[in-house]
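Undergrad: Could you look at this predicted model? Sequence included:
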Amino acid sequence: MALDIAIIFRCKPDDNSIHDFVYRISINQLNEQLEAALTERVRVLIRSKTHLEVYQIKGKTNTEEMLTFLNTMFAPKGLEFTQIIITEVHLPNEIKSPLDMKAQYGSLNEMEREKYNFQMRLIDDEEELQLLK
């Protein structure tokens, strides 16, 4: 299982933060530290959810714990994280296929339910019309 994540962050606009960002961390260090922090946080996130919940998390921005963790970790380096979005969820095919089918059947069941309700409404309307005549 793997997640693709988009992160929006910036260097805080005050002079101290800019100084800290420029002199306290290199781009390579930032990449390594960010990857390690995200990997650890993703493991925590995934372990607390079922496969179906993880599969449905795509596009969600409800990653407040990750955001708080990153802001705490990188604040001394002058960075501020504003948003984390899970852009893609990659599951093994043996797990993904049943989840896709489950989602399709759920949609089909909902559609059939709506069709049934519509047909019943037509019958009720027709009976009411006959009574009025």
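TA: In hand now; what should we look at? Bear in mind that the values here come from a model prediction, so they are computed numbers and not experimental data. Residues are numbered from 1 along each chain as shown.

Undergrad: Run through this structure and note the low-pLDDT ranges.
TA: 1, 51-52, 55, 59-62, 92, 94-108 (pLDDT under 70).

Undergrad: Buried residues of the longest strand seen in it, list them for me.
TA: When the chain is parsed with DSSP state E, its longest strand is strand 79-90. Residues Leu79, Phe81, Ile84, Ile86, Val89 are the ones in strand 79-90 that count as buried (16 or more other C-beta atoms under 10 Å). Heads up, the C-betas are built off the backbone N, CA and C, glycines and all.

Undergrad: Now do that strand: distance to the chain's middle.
TA: In terms of C-alpha atoms, centre = their mean, to the nearest Å, the centre of strand 79-90 is set 8 Å apart from its chain centre.

Undergrad: same check, this time on stretch 65-72
TA: 16 Å.

Undergrad: can you give me the helices for this structure?
TA: Along the chain, the stretches classed as helices by DSSP state H are 15-24, 27-47, 51-55, 64-74, 93-132.

Undergrad: which helices and strands sit right next to the first one?
TA: Just to be clear, that refers to helix 15-24. Helices and strands touching helix 15-24, by 3 or more C-beta pairs under 8 Å, 6 or more residues apart in numbering; DSSP states H and E, are strand 2-11, strand 79-90.
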